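build the 3D model from these lines:
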Amino acid sequence: MNYIGSFFKDIYQKMAGSCDIVDCCFGLRPCHQCIFPCIKKCGYANRTVFYNYDGTESVEPLVDYFKPTNSLATKNLVRGMSLDKAVLKKGLTAVEQIAAVINFAHENELRVRAVGTGSSWSKLTNVRDILMDMTNLDKILKAEPQNEDGSIYHIEVQAGMKLHDLVREIDVKYGMSLPCMGNYAGQTIAGIISTSTHGTGQDYPTMSNFVVEIHMVIARGIQIKVRAAADGEEDEDFESVERRINAAKYGDAPLEIHSTDVFRAVAVGFGSLGAIYSVTLECVPVYNIEETRHYIEMDWPSDKQTGHFETPSELKELASGAGRYFSFFVNPFPRKSWQDADRTVLRSVYFSGERTDETGSCQCDCCMAFQCCVCTGCRGQSACQIVQTDCAATCLQIVANCLPSFIPSFADCGLHQFARDAPYIQKWYNVLTFTNGNLHLKTAEYCIPVEDMDNALKDIVRIMQDYGKLYRAYTLLPIYVRMVKADDLYLSPANRRRPDGKEVDRFCYIEVSFLPGAYGVDEFHRKVEDYMFKHYMARPHWAKNHFLNFNRVDKLYPELHKWKRVYLLFNSDGTFDNEFTRKVGFEDLRDCECSSEKQQRINCSHRELCSETDQVSETVTQQPSRVNAAHAQNYQNELHTECLHNHHCTSNVSTVDAEVISSQPMKSAGDFLPSLTAENSSPPSLLTADSTVYTTSTEPTDKEVAQNADGASRTLETIV
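Residues are numbered from 1 along each chain as shown. Got it, this is the predicted structure:
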């Protein structure tokens, strides 16, 4: 028996040691996806773990994992909750379940986060206490025509419904559609609008602008319905909204808020303003798109430093508005031209679509799921649902790792699947969608004015080349460029107000994607983001891979202060704060709302603040010898840092100082006091000659030590 055990142990060790890409199951998951479905089912002690859509981020809520449903709830919803028996006997509707959980969190100082499919990174779904999974709320609640001919509908849909399901259901039931959509259809409706997800139509702004009304639950379990004021309707100011919300109580009927100011904040709220229950969308009659997809070459400069790069005039014309649904792919690896061997080019395929009454190819589900290269006008093998799987991506990534010199050819092959001589005519959502969520890429995207497109594209290609040569880290996927119309939503990346004070009418998004399991993705995205911020003040897509902090957000979004007011009102108790709000500095906005007395202190000059810390240091060092001088000096430095941090909140200190400050958490006074145990009763040995410390010739008693330490703590707490 021991021999058999040793035999299997040797096999295990050899298998694990023979693979340098071990992640789990002996390297079967080198791309984090090959066996992700089984990993997703893993849990701990019957506690559910939530994974984002590609499994690279997980959430382990400490209190409970809660899924509201459309059935009446007759039991307590989360651990520790004790609802009134009369309430449970009557039953709680879906929105009442959400409100009850949020009110419970408020009463117990817990954190809550509402999530959907987790189609994001950057800790958007992270939460400490209660995670609310909204995916069971996937119904259309009502649809109402807004004019006599029925050309415009307002359709209210629950927050957890997937975009893929919504566009097909409103087509079948009402003959309606959205103005446009993105190339990925696996997100929930609430997730799309909360992160300002955009489509491919350059005549249309981000999809958050298709929203008419949002029904949500904010701090204390208060229900509200927010919409922008209609033409001829009184636009409620923020002060009035604030008074009404502060007077509202848990259990009240939803407050109707018709305020453009509040709506522009709520429309892009990241889940940090409350939990969205339903969204009302403005829809138009369903339409088909005739899409032209042509291969094109872009001349690439041979001189790395001074060479001029410019997209072809054909693309410039389409980007300027000639193509309603326009986008293009670019292979980032320069190659020799197929037409002229003396030319170095970037190979590209562009898509330009217009609405049409033509029917086109077969639109049944079977044909859409299993398209191939012989179907006239279809997207080719890239549209085949068998190809769009993580297993296929894993195989391709492994082959590329073994044959890195073939990576440019792999990228060319991918482009070739899209280029077609015949136009592609299909229903709008089949044309604009590349995947329904079954292929999990890791991607980052940067929003810049259209006039910067050529230079930014050139710089990103240069970075990809240099990074690949230095670290042998390449992407198999092309760069994707799309156009979007500007909007007025406060934290939309396509907000028309730029940091330099100018206004822009049209933006382009440049997307850099990697297959699952590609090496060094985060570091590459960080490098690109740093460069794009420095040279173009590019705004990263909120739902994709980004590394924003408060100082960058503050610089990139001139109307952050307007969003801040709504954030502090709707999330007044911090119920919806999480790792994302901490990382980007939204929680610090609450710290800046100081009392008048403290505000007066903060607004004093920096020199006076530093002088105050000197006095604090002197007070601390006047304590008995058990208060170590080195610890006192540390506390002085920390308090000096706090002064700088508070001064930044009102005076906008330099970026470098602010970034350093924001990364240093404040310590409590007790962190700077030495241990007062018997083992540490001897005088400290770190006292310096210039330390003004009172010492005694005899050891103080334990009672004296406790009194002195307590006095020092009270002094520090008073100052802090």
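
and residue 532, what is it in contact with?
446, 448, 456, 459-460, 538 (CB atoms under 8 Å, 6 or more residues apart in numbering). C-beta coordinates here come from the backbone N, C-alpha and C atoms, glycine included.

for the residue most central in space within the chain, give me the backbone phi and psi.
A centroid search over the chain (CA atoms, centre = their mean) returns residue 543, at 3.3 Å, as the residue closest to the centre. The phi/psi pair for residue 543 (degrees, to the nearest 10) reads phi -90, psi -10.

please apply the same query to residue 428.
Residue torsions, per degrees, to the nearest 10, at residue 428 are phi -50, psi -40.

contacts only, for it.
177, 180-181, 286-289, 355.

run through the strands of the stretch 151-300 of the chain in chain order.
With DSSP state E, counting those that start in this stretch as the criterion, the stretch 151-300 of the chain has strands at 153-158, 176-177, 211-218, 222-227, 255-258, 275-285, 288-299.

quick one: closest of the ones you listed to residue 512.
For these, proximity to residue 512 was assessed by CB to CB; strand 288-299 is nearest, at 17.0 Å.

and that closest one, what's its mean pLDDT?
For strand 288-299, mean pLDDT rounds to 90.

show me what whichever helix or strand comes after it is packed up against.
Counting by DSSP states H and E, the element after strand 288-299 in chain order, helix or strand, is helix 313-317. If contacts are counted by 3 or more CB pairs under 8 Å, 6 or more residues apart in numbering; DSSP states H and E, helix 313-317 sits against strand 344-356.

quick one: the strand it packs on to strand 288-299, angle?
Counting by axes from the mean of the first three to the mean of the last three CA atoms, to 10 degrees, strand 344-356 lies at 160 degrees to strand 288-299.

alpha carbons of strand 344-356, in PDB - could you do that?
Output in PDB follows, covering the C-alpha atoms of strand 344-356 (Å, rounded to 0.1, in the frame of the first residue of the first chain):
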ATOM      1  CA  THR A 344       6.200  48.600 -44.900                       C
ATOM      2  CA  VAL A 345       2.600  48.700 -43.800                       C
ATOM      3  CA  LEU A 346       0.100  48.000 -41.000                       C
ATOM      4  CA  ARG A 347      -2.600  45.700 -42.300                       C
ATOM      5  CA  SER A 348      -6.200  46.600 -41.400                       C
ATOM      6  CA  VAL A 349      -9.800  45.800 -42.000                       C
ATOM      7  CA  TYR A 350     -12.500  48.400 -41.700                       C
ATOM      8  CA  PHE A 351     -16.300  48.100 -41.100                       C
ATOM      9  CA  SER A 352     -18.700  50.700 -42.400                       C
ATOM     10  CA  GLY A 353     -22.400  50.100 -42.000                       C
ATOM     11  CA  GLU A 354     -25.600  51.900 -43.000                       C
ATOM     12  CA  ARG A 355     -29.200  51.100 -42.300                       C
ATOM     13  CA  THR A 356     -31.000  49.300 -45.000                       C
END
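
who does it pair up with?
strand 288-299 (antiparallel), strand 325-330 (antiparallel), strand 335-336 (antiparallel) (DSSP bridges).

contacts for the shortest one?
Meaning strand 335-336. 343-347, 408, 412.

residue 474: which of the residues you listed is nearest?
Nearest to residue 474, judged by CB to CB, of the contacts of strand 335-336 is residue 408 at 8.8 Å.

and the closest one, how far is that from residue 333?
Using CB to CB, to the nearest Å, residue 408 is found at 4 Å from residue 333.

more neighbours: those two, which one.
residue 333 (21 against 17; other CB atoms under 10 Å).

where does the stretch 551-700 of the chain have low pLDDT?
Residues of the stretch 551-700 of the chain meeting the criterion pLDDT under 70: 591-700.

select only the buried ones of the contacts of residue 428 in ChimeraX?
This is the ChimeraX syntax for the buried subset of the contacts of residue 428, where burial follows 16 or more other CB atoms under 10 Å:
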select :177,180,181,286,288,289
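
JSON lines for the contacts of residue 428, including distance to residue 159?
Output for the contacts of residue 428, formatted as JSON lines (distance: CB to CB, whole Å):
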{"residue": "177", "distance to residue 159": "20"}
{"residue": "180", "distance to residue 159": "21"}
{"residue": "181", "distance to residue 159": "17"}
{"residue": "286", "distance to residue 159": "23"}
{"residue": "287", "distance to residue 159": "26"}
{"residue": "288", "distance to residue 159": "29"}
{"residue": "289", "distance to residue 159": "28"}
{"residue": "355", "distance to residue 159": "29"}
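
which among the contacts of residue 428 gets closest to residue 570?
residue 181 (27.7 Å).

surely the closest one and residue 433 touch.
Yes - counting by CB atoms under 8 Å, residue 181 touches residue 433, with 6.9 Å between them.

low-scoring stretches of the stretch 1-150 of the chain, by residue?
Checking the stretch 1-150 of the chain against pLDDT under 70 turns up 1-45.

hey, where'd the helices end up in it?
For the stretch 1-150 of the chain, the helices defined by DSSP state H, counting those that start in this stretch cover 2-17, 36-40, 85-90, 94-107.

the last one to strand 153-158, inter-axis angle?
What it means is helix 94-107. Here helix 94-107 runs at an angle of 50 degrees relative to strand 153-158 (the same axes, to 10 degrees).

surely the residue nearest to the centre of the chain touches residue 120?
Yes - with contact defined as CB under 8 Å, residue 543 counts as touching residue 120 (4.1 Å).

so who does residue 214 touch?
193, 225-227, 263, 266-267, 276, 278-280.

do the same with residue 67
Counting by CB under 8 Å, 6+ apart, residue 67 has contacts 132-136.

mind redoing it with 6 Å?
133, 136 (CB atoms under 6 Å, 6 or more residues apart in numbering).

neighbours of residue 336, how many?
Residue 336 has 11 nearby residues by other CB under 10 Å.

do you know how far it is from residue 344?
6 Å.

ok, now residue 541?
31 Å.

who's more crowded, these two?
The neighbour comparison of residue 541 against residue 344 (other CB under 10 Å) goes to residue 541, with 22 against 17.

give me the pLDDT for that one.
Here the pLDDT value assigned to residue 541 is 96.

make CSV from the strands paired with strand 344-356 and add distance to residue 114 to it.
Listed next are these as CSV, based on distance: least, CB to CB, whole Å:
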stretch, distance to residue 114
strand 288-299, 33
strand 325-330, 31
strand 335-336, 46
